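*Asks:* could you work out the structure for the sequence below:
(2 chains)
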Amino acid sequence: MISALLLCLLAQGHGARAALAKIEIEGPCAEISLELEGAGHAVLSLDRPLAAGERRTFTLAVPLPSESLPSEVWSRFVAAELAKTGHARLVEIVAPLELGEVAADLQARPRPQLEPRAARAPWSALFVLGAAFLMTLSLRRRVSAVTLIALCAAAAVLVLTLTSRTPNPTVLRILEARFQASPGDPWLAVLAVRGELVAADLSTSRLEVLPGRALVHCRTQAEPSLISLSSPGSTLYQLRLFASGTRRLSREVNAFGLFTEAWLREADGSWSRLGPWPLGESLPQGVAGEPPGWLVPALPMGSSIFVGQLASEVVSQAFPAEPEATTWLRGLGL
Amino acid sequence: MGPAALVLAWLASLAPLILERAGVLDLSDSGLEATPRLALCALAWIALAGLPRATIGARDLCAWWGSLMACVPVLALALALDLERGSAWPRCASAIAWALAFIALSALAAELSRSRRASSRLHATLWMALVLGLPLLHAALSFGARSGDSLAPAWSKSAAQCSPLHWALAAVDGSPSPFGPGILLISLCLAAALTTRGATA
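*Replies:* From the prediction side, this is the model:
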């Protein structure tokens, strides 16, 4: 019971940070811009500016505050800010998608952490840099020598840095699953993006941000409708329900899709690396090996855990309207 | 630049890259049109290469060229890191070309003017007022603003954009125009060359 309460509290800890608002605009107007203190800002760009006296209703993405506030309070605040523009009036703020249908333990699972896109100068390049500088310092009146040293060092540094790049995902999707759930119970699809989410769909998904107090900037293009959300230095999560439909995964048969790489943790805690798991085949015999640590942070003990990377063709069928992203299935009770 | 200034400039220009490597500085959210690492590295070199010289003496163009070459590998590393993090190639190429030009012109103006005391004083005055003073004035007026009614005047922003230091700072998260700083630095070089005409090289 205590763990159930804890799970509920954890689930409530992730608050929605953006919602759709219907507003009425009266021309002349080409853009509406709102600064919403403690939440971020919202901009609506009209491709075709409204003429004087012309009146139309638009849908605009607005940030929600990081603190939990009653929706009426936030609506009144947004309405007051819109009124200050002199051209717009709030009709309503549509409540963000609730994930009540998803089991609380799926909602409470740790969100994938994406590394900042910080650049890391390789040690080899720094060593070349130091050596070249010392040589330049000692020979700095010999024009041809220092020119040669500088050009060679610059070329070496460029090659060393550009060839030693490490893959650092800036977009990632995790399907949180429970294999022992009833067939109709939805899973949770979490799309994690660093910094900016282009073409966000707030009508069928929920936006969360980490760190929770980060400001969210919403930019809406009216026609064709396109919403971009950004939060510099933060990770944005787009959460939606995922109905597995006829897709099933069991040890006897993979009726879900091709996994290019997979791992399994047995209930006793031992990990095995399964390698690829083709569609229609039974669970491969694995060898001892652990998955990347970020994929399995603080998951419950005493139950089997399956982690697998879905093949890109499976992903494009399952998420046709979302950005391309490496997609992992993470489930308990296989 | 003397050896001490050269070491200082090299360390200062490398500092942003080391700090980012250590996770202290986060430059990861700049746009694709920005070259933040290159801009910060160039900032240190532009500032220190153009500093008015303390001593009066004969021009030493070999040392000037040597000093310029010392910055090339550091800027190349910054360029590679910006490219690796997704900055656009044409933008990076243009930024490094302008950065090298500004460093060369800054150092040249300081080197040319050091052969006569009057010229050195004129260069120091102009450098302090235009290269360093204008961005500081604009920053003071901007940070001093407390409301929309007391924003920094537009002229201070336009004037600050002529400073190569402002250009480097603006390139951290954008792609500023290099023409104002270019004209200013060429003018400083011409002023130094004209006021030291006849001095021994």
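
*Asks:* enumerate every residue touching the spatially most central residue of chain B.
*Replies:* Nearest residue to the geometric centre of chain B (CA atoms, centre = their mean): residue B:46, 2.8 Å. Residue B:46 makes contact with B:99, B:102, B:103, B:106, B:164, B:165, B:168, according to CB atoms under 8 Å, 6 or more residues apart in numbering or on different chains. C-beta: built from backbone N, CA, C; applies to glycine.

*Asks:* how near is it to residue A:27?
*Replies:* Distance, residue B:46 to residue A:27, using CB to CB, to the nearest Å: 48 Å.

*Asks:* quick revisit: including distance to chain A and neighbour count, could the contacts of residue B:46 go into TSV?
*Replies:* Formatted as TSV, the contacts of residue B:46 follow (distance: CB to the nearest CB, whole Å; neighbours: other CB atoms under 10 Å in any protein chain shown):
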residue	distance to chain A	neighbour count
B:99	13	27
B:102	17	25
B:103	12	29
B:106	17	27
B:164	21	28
B:165	23	21
B:168	18	28
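
*Asks:* just the ones of those residues in helices?
*Replies:* Using DSSP state H, the members of those that fall in helices are B:99, B:102, B:103, B:106, B:164, B:165, B:168.

*Asks:* now do residue A:62, the pLDDT please.
*Replies:* Note on residue A:62: pLDDT of 92.

*Asks:* after the strand or helix carrying it, next one along is what?
*Replies:* Using DSSP states H and E, residue A:62 sits within strand A:55-63. Downstream of strand A:55-63, the next assigned helix or strand under DSSP H and E is helix A:71-85.

*Asks:* between that following helix and strand A:55-63, how big is the angle?
*Replies:* Relative orientation of helix A:71-85 and strand A:55-63, computed by axes from the mean of the first three to the mean of the last three CA atoms, to 10 degrees: 120 degrees.

*Asks:* OK, contacts around the closest residue to residue A:191 other than its chain neighbours?
*Replies:* With CB to CB, 6 or more residues apart in numbering or on different chains as the measure, residue A:238 is the residue that lies nearest to residue A:191, at 4.3 Å, once sequence neighbours are left out. Residue A:238 sits next to A:190, A:191, A:193, A:197, A:200, A:201, A:205, A:206, A:207, A:322 when contact means CB under 8 Å, 6+ apart.

*Asks:* for the helix or strand encompassing the first one, buried residues please.
*Replies:* This points to residue A:190. Using DSSP H and E, residue A:190 maps to strand A:187-198. Buried residues in strand A:187-198, counting neighbours by 16 or more other CB atoms under 10 Å in any protein chain shown, are found at A:187, A:188, A:189, A:190, A:191, A:192, A:193, A:194, A:195, A:196, A:197.

*Asks:* I'd assumed residue A:202 was in contact with residue A:227.
*Replies:* Yes: counting by CB atoms under 8 Å, residue A:227 does reach residue A:202; the two are 6.4 Å apart.

*Asks:* just for the chain, where's the confidence low?
*Replies:* Using chain A here. Along chain A, segments meeting pLDDT under 70 span A:1-14, A:115-118, A:165-169.

*Asks:* ah, no, chain B please
*Replies:* B:29-32, B:145-151, B:198-201.

*Asks:* near chain A, which residues of it?
*Replies:* B:3, B:6-7, B:10, B:14, B:17-18, B:20-21, B:23, B:26-29, B:37, B:60, B:62-63, B:65-67, B:69-70, B:72-77, B:79-86 (CB under 8 Å from any CB of the partner chain).

*Asks:* can you do 7 Å?
*Replies:* Residues of chain B lying near chain A by CB under 7 Å from any CB of the partner chain: B:3, B:6, B:10, B:17, B:20-21, B:23, B:26, B:28-29, B:37, B:62-63, B:65-67, B:69-70, B:72-74, B:76-77, B:80-81, B:83-85.

*Asks:* buried among the residues you listed? Need that as a selection in PyMOL.
*Replies:* Selecting just the buried residues from these in PyMOL takes one command, with 16+ other CB under 10 Å as the test:
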select buried, chain B and resi 6+10+17+20+21+28+29+37+63+65+66+67+69+70+72+73+74+76+77+80+81+83+84+85
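
*Asks:* what do residue A:227 and residue A:202 both touch?
*Replies:* Taking CB atoms under 7 Å, 6 or more residues apart in numbering or on different chains as the criterion, residue A:227 and residue A:202 both touch residue A:61.

*Asks:* skipping its backbone neighbours, what lies nearest the residue of chain A found nearest chain B in space?
*Replies:* Relative to chain B, the nearest point of chain A is residue A:140 (3.1 Å; CB to the nearest CB). Leaving aside its sequence neighbours, residue A:140 sits nearest to residue B:66 (CB to CB, 6+ apart; 3.1 Å).

*Asks:* my guess is the one you found contacts residue A:147. True?
*Replies:* No: the pair residue B:66 / residue A:147 is not scored as a contact, 8.9 Å apart, by CB atoms under 7 Å.

*Asks:* how much space between residue A:228 and residue A:103?
*Replies:* On the measure of CB to CB, residue A:228 and residue A:103 end up 31 Å apart.

*Asks:* could you do residue A:59 as well?
*Replies:* 31 Å.

*Asks:* ditto for residue B:157
*Replies:* Counting by CB to CB, the gap from residue B:157 to residue A:103 is 55 Å.

*Asks:* close to chain B: what parts of the stretch 51-200 of chain A are there?
*Replies:* Selection of the stretch 51-200 of chain A residues close to chain B by CB under 7 Å from any CB yields A:116-121, A:125, A:129, A:132-133, A:136-137, A:140-141, A:143, A:146-147, A:150, A:153-154, A:157-158, A:161-162, A:165, A:195.

*Asks:* ok, back up a step: TSV for the contacts of residue B:46, including distance to residue A:248?
*Replies:* Shown next, in TSV, are the contacts of residue B:46 (distance: CB to CB, whole Å):
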residue	distance to residue A:248
B:99	58
B:102	64
B:103	64
B:106	68
B:164	64
B:165	63
B:168	58
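
*Asks:* could you find the closest non-adjacent residue to residue A:189?
*Replies:* Leaving aside its chain neighbours, residue A:189 sits nearest to residue A:242 (4.2 Å; criterion: CB to CB, 6+ apart).

*Asks:* beta partners for the one you found?
*Replies:* Using DSSP bridges, the beta-bridge partners of residue A:242 come out as residue A:187.
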